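Sequence and predicted structure below; questions after.
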Amino acid sequence: MSADVVITDATFPDVERERAVAEALGASFELCDCRTPEDVAAAVKGAKVAVVQFAELNAEAVEGLAPDATVIRYGVGYNNLDVAAMNKRNIQGVYVPDYCTSEVADHTAAMILAKLRKLEAFDTSVRAGDWAAVKIAKPMKAFGNTKIGFFGFGRIAQAVAERLAPFGFQFLATDPMFDEAKNNPLKVKGVSFEELICESDCISLHAPATRDTIGRMNADAFAKMKSTSYVVNSARGDLIDETALATALTNGEIAGASVDVFLQEPLAADSPLRSAPNLTMSPHAAWYSDVAVESLQSLVADEITRALTGKSARRPIPGSKPTEIQEAL
Ligand SMILES: NC(=O)c1ccc[n+]([C@@H]2O[C@H](COP(=O)([O-])OP(=O)(O)OC[C@H]3O[C@@H](n4cnc5c(N)ncnc54)[C@H](O)[C@@H]3O)[C@@H](O)[C@H]2O)c1
Ligand SMILES: O=C(O)[C@H](O)COP(=O)(O)O
């Protein structure tokens with residue numbers, strides 16, 4: 001039998017706040033370092049509250065949780081949790097969708113600007129003694145003629161567009177929930193996925209990993225993109241076929257890419273991305289800032305308290321067990 005409150009995995013320097021709220025309510029607490037779904041299933045057996053960062057909580061792990069348990073995701077995406085299995089057992093899912101929108105938007109805007117202004121290419125050429133800026137930069141479109149295409153236009157993508165708007169870009173978006181006729185101050189044009197990949201000079205991915213979105217950026221999509229275009233991904237690695245991306249970069253089918261998220265994290269030793277040209281990578285770090293970490297851990301500590309004291313979650317996962325009383329955030 002595990003502790004009442006179990007953190008399956010966490011990259012933070014400490015989890016003392018989470019421990020303190022649990023122990024203040026008389027609940028036992030354990031911080032684990034789960035690497036596999038089997039580790040997670042063993043760690044959460046009998047737990048009343050399971051807090052998960054990047055580990056996978058599968059149906060077997062859900063089966064072992066205490067009745068009426070709560071599962072809390074340290075973060076925004078919850079594709080590492082089996083929400084269907086949780087619903088079958090009436091287990092509440094909780095996430096933190098609103099702690100790092102600014103950070104991810106800042107990081108993504110930086111990825112886009114660095115690619116379009118060819119900062120890495122210039123850096124490489126200067127180090128190699130090649131000063132021929134115009135030759136290296138060509139083609140270099142003016143921002144006013146450049147189309148940024150968003151795949152998924154929710155919280156983060158909208159914040160990216162707001163940051164980039166002063167540069168004069170044109171914006172396109174593919175999102176079933178986006179209606180360009182409503183509240184559209186940035187004049188974002190709603191387009192089909194086909195139009196998005198064919199027309200954009202830079203495609204920025206912001207959709208969650210679902211049956212509809214997984215693998216959408218595949219060999220066919222890269223073949224349809226302009227050879228001068230870029231792809232940027234701060235959403236989920238699952239959206240991109242990484243082998244196809246490495247091939248498209250190597251063959252010059254697209255101009256470059258910048259990715260913060262991967263199919264396997266940490267990046268696999270034999271990933272084809274390691275040797276792909278014109279690719280910039282960051283280690284799933286877009287969410288990070290001192291303020292975001294503080295906010296994430298304190299919001300999670302609050303949700304642990306609520307779960308242990310029988311209060312409804314402030315941030316229930318959409319489609320997870322409906323909470324009786326929805327309090328304002
Ligand atoms: N890299 C990081 O550190 C980091 C941090 C936070 C969030 N994320 C990821 O960023 C992504 C976006 O987060 P968000 O807060 O903007 O989420 P959000 O829910 O506000 O926005 C996602 C949007 O995607 C749209 N969408 C869903 N299915 C789609 C489809 N088939 N085609 C097109 N659009 C579709 C939704 O309608 C929604 O508007 C998530 O995948 C999240 O996990 C990454
Ligand atoms: O908690 C985290 O480490 C970050 O939030 C990354 O996860 P997310 O991409 O789901 O937010």
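Structure's in. What do you need? Ligands and ions are numbered 1, 2, ... in the order given.

Residue 193: what's it in contact with?
151, 174, 216 (Cβ atoms under 8 Å, 6 or more residues apart in numbering). For glycine as for every other residue, the C-beta is placed from the backbone atoms N, C-alpha and C.

pretty sure the last one contacts residue 151?
By that I understand residue 216. Yes. Using Cβ atoms under 8 Å, residue 216 is in contact with residue 151, at 7.1 Å.

These two - which one has more neighbours?
For residue 216 versus residue 151, the count of surrounding residues by other Cβ atoms under 10 Å is larger for residue 151: 26 against 19.

how near is the more buried one to residue 227?
As defined by Cβ to Cβ, to the nearest Å, residue 151 lies at a distance of 19 Å from residue 227.

what do you get for residue 39?
Taking Cβ to Cβ, one finds residue 39 at 44 Å from residue 227.

How about the contacts made by whichever residue of the stretch 151-300 of the chain sits closest to ligand 2?
As assessed by Cβ to the nearest ligand atom, ligand 2 sits closest to residue 287 within the stretch 151-300 of the chain, at 3.9 Å. Residue 287 makes contacts with 75-76, 99-100, 103-104, as judged by Cβ under 8 Å, 6+ apart.

and with 10 Å instead?
Contacts for residue 287 (Cβ atoms under 10 Å, 6 or more residues apart in numbering) come out as 75-76, 99-101, 103-104, 107, 156, 234, 260, 293, 296.

filter the residues you listed down to the ones close to ligand 1.
When Cβ under 6 Å from any ligand atom is applied, the members of the contacts of residue 287 adjacent to ligand 1 are 76, 100, 104, 156, 234, 260.

Same list as before, those that is, but in TSV and with neighbour count and secondary structure included.
TSV is the format used below for the ones next to ligand 1 among the contacts of residue 287 (neighbours: other Cβ atoms under 10 Å; DSSP: H, G, I helix; E, B strand; the rest coil):
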residue	neighbour count	secondary structure
76	21	coil
100	24	coil
104	24	helix
156	26	helix
234	27	coil
260	22	coil
